[in-house]
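Asker: this one's structure only:
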């Protein structure tokens, strides 16, 4: 008899060691690497990223955080202090946002609010890392056709080859955060919404949006997001809004259909 059940291409190893005293609310100070066929070892320091902009930008945001957020608005500073420097409780249990959520929000704030970029090209030129073995080659090259469509030519270390990516049109700035499954992407979205909303209404700055569109990739994710965001549930369940600001929170959530 033939077994036609689908098989996964990924072989999961369930013997990953536990890193003692690891606190997900704090910046990572060590990581795991493979040490042989089925074993791992702990290495000091944060795992380097192979993504184009991450390592240089991560270092700059670290310095900005350590220097107490220079250039941030008063609203932003109050929110960052409230979220990450206060003790919170959720369901009568101690609660802290995870560092990956914090870092995602801080990075967006730094690029948008402090550096004030309005196009992606200078972001790439500032933070792109040269992964080529030939370090004398440019990390990236920009090309533009007669219609103004732009492309980025760069080296992809995970593929060990050069390739190209389309860039958004000029003035259309897009940021994306790569976060692992289970790392709290929904919480990060909620933090960003609160930050933008209150900067808009308190600072009267139209650069910050106060309308937000959340797009789900499938029905399962949509249903989970709908449960979290309907009736503003997530904004009152989590310590997202400083108590004295709650009377100013006025977002209407409209679900599909």
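Answerer: Looks like it arrived, so ask away. As the structure is a prediction and not an experimental result, all values here were calculated from the model. Numbers count the residues shown, from 1 in each chain.

Asker: how many other residues sit next to residue 50?
Answerer: 12 (other C-beta atoms under 10 Å). Where C-beta positions appear, they are placed from N, C-alpha and C, glycine not excepted.

Asker: now swap in residue 187 and tell me
Answerer: Neighbours around residue 187, by other C-beta under 10 Å: 21.

Asker: And the residue nearest to it when sequence neighbours are not counted, how far from residue 238?
Answerer: In space, and not counting its chain neighbours, residue 187 is closest to residue 101: 5.1 Å by C-beta to C-beta, 6 or more residues apart in numbering. Separation of residue 101 from residue 238 (C-beta to C-beta, to the nearest Å) stands at 11 Å.

Asker: between these two, which one's more packed in?
Answerer: Counting neighbours by other C-beta under 10 Å for residue 101 and for residue 238 shows that residue 101 has the greater number, 26 against 19.

Asker: Just list the residues touching that one, thanks.
Answerer: 179, 183-184, 187-188, 191 (C-beta atoms under 8 Å, 6 or more residues apart in numbering).

Asker: SS state for residue 179?
Answerer: When classified by DSSP: H, G, I helix; E, B strand; the rest coil, residue 179 comes out as coil.

Asker: same thing with residue 165?
Answerer: strand.

Asker: right, and it touches residue 152 too?
Answerer: Yes: using C-beta atoms under 8 Å, residue 165 is in contact with residue 152, at 4.7 Å.

Asker: Looking at those two, which one has more neighbours?
Answerer: Neighbour count, other C-beta under 10 Å: between residue 165 and residue 152, residue 152 has more, with 18 against 13.

Asker: Show the residue spans covered by the helices in the chain.
Answerer: 54-66, 74-85, 99-109, 120-127, 185-203, 219-229, 233-237 (DSSP state H).

Asker: Now do residue 256, the pLDDT please.
Answerer: Residue 256 is assigned a pLDDT of 87 by the prediction.

Asker: Next up, the contacts around it.
Answerer: Counted by C-beta under 8 Å, 6+ apart, residue 256 has contacts 222, 226.

Asker: repeat for residue 52
Answerer: Residue 52 sits next to 124, 127-129, 131, 139-140, 154 when contact means C-beta under 8 Å, 6+ apart.

Asker: Out of those, flag the one nearest to residue 45.
Answerer: Residue 45 lies nearest to residue 129 out of the contacts of residue 52, by C-beta to C-beta, at 16.7 Å.

Asker: residue ranges with poor pLDDT in the stretch 1-150 of the chain?
Answerer: Residue ranges of the stretch 1-150 of the chain with pLDDT under 70: 1-17, 133-136.
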